[in-house]
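In: Prediction below, plus the sequence it came from.
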Amino acid sequence: MTARGAAEAADGVLICRAGDWAGADPLRRMFYNVTTTELSVALALTIGAVELLQMLRRAHRMILRRCAACTGPA
């Protein structure tokens, strides 16, 4: 079994057990849903911040190259 297959199998087991645990009580279900949503939002914001920082870094480098090309050797 590949590493990806093992990870997906483990994920399936965890999701199944968490769903069974959450399905037993409405309060647990709400806690499960809120926690899952919070984790998804946190991950999305982290990925977005990393992407934004990479874009700003590239833009900064482009500006520095243009400035260096405009001034030329003194």
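Out: On my side now, so go ahead. Numbering: from 1, shown residues only.
In: pLDDT of the lengthiest helix in the chain, averaged?
Out: Identified as the longest helix of the chain according to DSSP state H is helix 26-71. What helix 26-71 shows for mean pLDDT is 90.
In: do stretch 3-19 as well
Out: pLDDT averaged over stretch 3-19 gives 81.
In: about what we covered before: return the distance of the longest helix of the chain from the chain's centre.
Out: Here helix 26-71 is found 8 Å from its chain centre; the criterion is Cα atoms, centre = their mean, to the nearest Å.
In: Closest to the centroid, which residue in this structure?
Out: The centre of the chain sits closest to Leu43, judged by Cα atoms, centre = their mean, with a distance of 3.5 Å.
In: now that residue: how far from Thr71?
Out: Separation of Leu43 from Thr71 (Cβ to Cβ, to the nearest Å) stands at 43 Å. (C-beta placed from N, C-alpha, C; glycine too.)
In: before we move on, what about Val41?
Out: Taking Cβ to Cβ as the measure, Val41 falls 45 Å from Thr71.
In: How about Ala7?
Out: Counting by Cβ to Cβ, the gap from Ala7 to Thr71 is 52 Å.
In: Kindly report the same for Leu14.
Out: 58 Å.
In: ok, now Val50?
Out: 32 Å.
In: Over to Ala3?
Out: With Cβ to Cβ as the criterion, Ala3 and Thr71 are 51 Å apart.
In: buried residues in the helix or strand that contains Val13?
Out: Mapping Val13 onto the secondary structure by DSSP states H and E places it in helix 3-23. Neighbour counts over helix 3-23 (16 or more other Cβ atoms under 10 Å) mark Ala22 as buried.
In: what's in contact with that helix?
Out: Residues from elsewhere that reach helix 3-23 (Cβ atoms under 8 Å, 6 or more residues apart in numbering): 1, 28-29, 31-33.
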